[in-house]
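Model the following, please.
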Amino acid sequence: MKTTVGTAKNWWKLTFLLLFLFAHARVKAQEFNDFFENRTLRIDYTFSGDATHQVIALDQLNVAPGWFGKRTRLAELPVEGNGQIAVRSRKTGEIVYRNSFSTLFQEWQSYPEAEKTWRSFENVFLIPMPLDTVDVTVSLFNNRREITSTMTHEVVPTDILIRRIGERDVTPYTVVQNAADKSRCIHIAFVAEGYQQSEMETFLNDVNIAVEAIFAHEPFQSLRDRFQIVAVQVPSQESGTSEPHNGIWKNTALHSHFDTFYSQRYLTTLHLKDMHDLLAGIPYEHIIVLVNTDEYGGGGILNSYNLSMTHHPRFRPVVVHEFGHSFAGLGDEYAYETEEIPMYPHDIEPWEPNITTLADFSQKWQSMLDPKAPVPTPLDYGKIGVYEGAGYSTKGVYRAFPDCRMRTTEHPEFCEVCRQSIRKLIDFYTK
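Next up is the predicted model:
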């Protein structure tokens, strides 16, 4: 009899627990719909300043059909970034969405030009369209991970001056790969730059090359079905891209050019509003721009874009390396022997997951090491350790392996630490 009563009590406890978990799951599942609708609010900003000053100004609010970013873990950040955008509900006071980013503006501030010139840069961020009034805060951080500038503004969803985009005249695009679950996947748009209309078959072929290059690497290879990919066929008036060091300026869709910050191989575009206008109405969150040139170069900026040349022999490793920056927030693991760039203060732990100054190494890959292993580690190919020389510095900044896709274009894969970081990020967005 005691067994029967105990069993009954246990059954009711189990039933109550299951009902609680079910109800809790329903609340969690409805969290996105509690605060947002299935549209994208695109917010355009201007960041301006010099080496010591930063000013954030709101430019334009735009709304487009569909939301293609995260729908769970909305207020969490997978990586810190050099800046963050946060959305706070006016009604409840809670943060209901956050994302991180890096910018060309912040990078430019470390260059000599910023010591004597004030410049402005376009920046564009995507958030889900709020159902009710929210406060949006944009914050920028310096290389000591301190807030240097912040601005908060109100967004009222019924504001008649929010520009409606992407509802007609959508740029032609081709679906390259379907995700297994389109409701929980990572959306990537490949964008043509410097391809004339007659060269679109070449562009589509270049997209396929880039896709296969990325998904030849782990963990992208084993998690390939979590990515939805489109190729956006944006025609340019002229073929190629601008090469200021050769006196060549081209009229292309995104106005990309080499010689960014006077670094010849640094290939970027500063016209982010044009780029997002061309993407309006297309399912995308992460952007890979393919540039129709055989000159070596590229660039990758966290949660902004990855831009790569296509017809140089190193196209494949470069597009993968730059995607490591723009998608996963990985840091460069190489160092300049002739020019030290003090981007990472040695007493501050970098936020990038694959480099360390040992200031707070427990937050990095310390748990993956043999406790008896020396730090730093004598160079030993094939073994995880702490190898000096990373983040553009030969001293004081360290990487986990002798070589990696984030260090050289010759190395065929991401190191174990980078693979683990990428896998965590993919899981963050898709589980």
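
Show me the shaky parts of the chain.
Filtered on pLDDT under 70, the chain yields the residue ranges 1-30, 338-340.

what's the domain layout of it?
34-164, 173-326 (automatic domain parsing).

now do the same end-to-end measure for the longest one.
So that's domain 173-326. Distance across domain 173-326, first residue to last, is 22 Å (C-alpha to C-alpha, to the nearest Å).

what do you get for the first one?
Here the two ends of domain 34-164 are set 23 Å apart, with distance taken as C-alpha to C-alpha.

that older thread, now the domains of the chain as TSV including distance to Phe414 and mean neighbour count?
Bear in mind the C-beta positions are built from the backbone N, C-alpha and C, glycine included. Formatted as TSV, the domains of the chain follow (distance: least, C-beta to C-beta, whole Å; neighbours: other C-beta atoms under 10 Å):
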stretch	distance to Phe414	mean neighbour count
domain 34-164	16	17
domain 173-326	6	20
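
JSON lines please, covering the ones you listed and showing distance to Ile341.
Conversion of those to JSON lines gives the following (distance: least, C-beta to C-beta, whole Å):
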{"stretch": "domain 34-164", "distance to Ile341": "7"}
{"stretch": "domain 173-326", "distance to Ile341": "11"}
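
looking at those domains, which is closest to Phe361?
domain 34-164 (15.6 Å; C-beta to C-beta).

Any idea how far that closest one is from the middle of the chain?
14 Å (C-alpha atoms, centre = their mean, to the nearest Å).

Which helix or which strand is home to Phe323?
helix 315-326 (DSSP states H and E).

next SSE after that helix?
strand 387-390.

who does that following strand touch, helix- and strand-wise?
Counting contacts by 3 or more C-beta pairs under 8 Å, 6 or more residues apart in numbering; DSSP states H and E, strand 387-390 is packed against strand 393-399.

list the helices and strands the strand it packs on packs on?
strand 387-390.

Just the CA trace of the strand it packs on, in CSV.
What follows is strand 387-390, C-alpha atoms only, in CSV (Å, rounded to 0.1, in the frame of the first residue of the first chain):
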residue,chain,number,x,y,z
TYR,A,387,53.1,30.5,-28.2
GLU,A,388,54.3,34.1,-28.2
GLY,A,389,53.6,36.2,-31.2
ALA,A,390,50.0,37.1,-32.1
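
Run me through the strand neighbours of it, direction for each.
Neighbouring strands of strand 387-390 in its sheet, by DSSP bridges, are strand 393-399 (antiparallel).

Tell me the secondary structure at Ile422.
helix (DSSP: H, G, I helix; E, B strand; the rest coil).

Distance-wise, check the nearest residue to it once chain neighbours are set aside relative to Arg405.
In this structure, Ile422 finds its nearest non-sequential neighbour in Ala328, 4.9 Å apart by C-beta to C-beta, 6 or more residues apart in numbering. For Ala328, the distance to Arg405 equals 11 Å [C-beta to C-beta, to the nearest Å].

Can you pull the residues that touch both of these two?
Cys418 (C-beta atoms under 8 Å, 6 or more residues apart in numbering).

Just give me the neighbour total for Pro376.
By other C-beta atoms under 10 Å, 13 other residues sit near Pro376.

my bad, Trp351
For Trp351, using other C-beta under 10 Å, the count is 21.

Of the domains of the chain, which is nearest Pro350?
Taking these one by one with C-beta to C-beta, domain 34-164 is closest: 8.3 Å.

thinking again about what came up before, next, count neighbours for the residue nearest to Ile422.
Neighbour number of Ala328 under other C-beta under 10 Å is 24.

can I assume it is in contact with Gln420?
No - between Ala328 and Gln420 there is no contact under C-beta atoms under 8 Å: 10.7 Å.

give me every residue that touches Val211.
Neighbours of Val211 in contact, by C-beta under 8 Å, 6+ apart: 176-177, 190, 229.

Report the beta-bridge partners for Gln84.
Ser100, Ser139.

can you start the count at 18 instead of 1 from here on
Noted, 18 is the first residue going forward, which turns the last one into Gln101.

Quick check: which element contains Val228?
Remark: Val228 resides in helix 217-231, with elements defined by DSSP H and E.

doesn't Gln77 fall inside a strand?
Yes - counting by three-state DSSP, Gln77 is located in a strand.

what's the distance between Asn268 and Gly314?
19 Å.

Quickly find the element holding the one residue sitting closest to the centre of the chain.
Closest residue to the average C-alpha location of the chain: Asn320 at 2.5 Å, with C-alpha atoms, centre = their mean. Following DSSP H and E, one finds Asn320 outside all helices and strands.

ok, now the one 4 residues further on?
Leu324 belongs to strand 322-326 when elements are defined using DSSP H and E.

quick one: contacts of that strand?
Under C-beta under 8 Å, 6+ apart, the answer for strand 322-326 is 210, 227, 273, 284-286, 289, 292, 303-308, 310-317, 332, 335-336, 339-340, 342-344.

Just the CA atoms from it would do, formatted as PDB, please.
Written as PDB, here are the backbone C-alpha positions of strand 322-326 (Å, rounded to 0.1, in the frame of the first residue of the first chain):
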ATOM      1  CA  TYR A 322      31.000  42.100 -43.400                       C
ATOM      2  CA  ASN A 323      33.800  39.900 -44.800                       C
ATOM      3  CA  LEU A 324      35.200  41.100 -48.100                       C
ATOM      4  CA  SER A 325      37.600  39.100 -50.300                       C
ATOM      5  CA  MET A 326      39.200  39.200 -53.700                       C
END
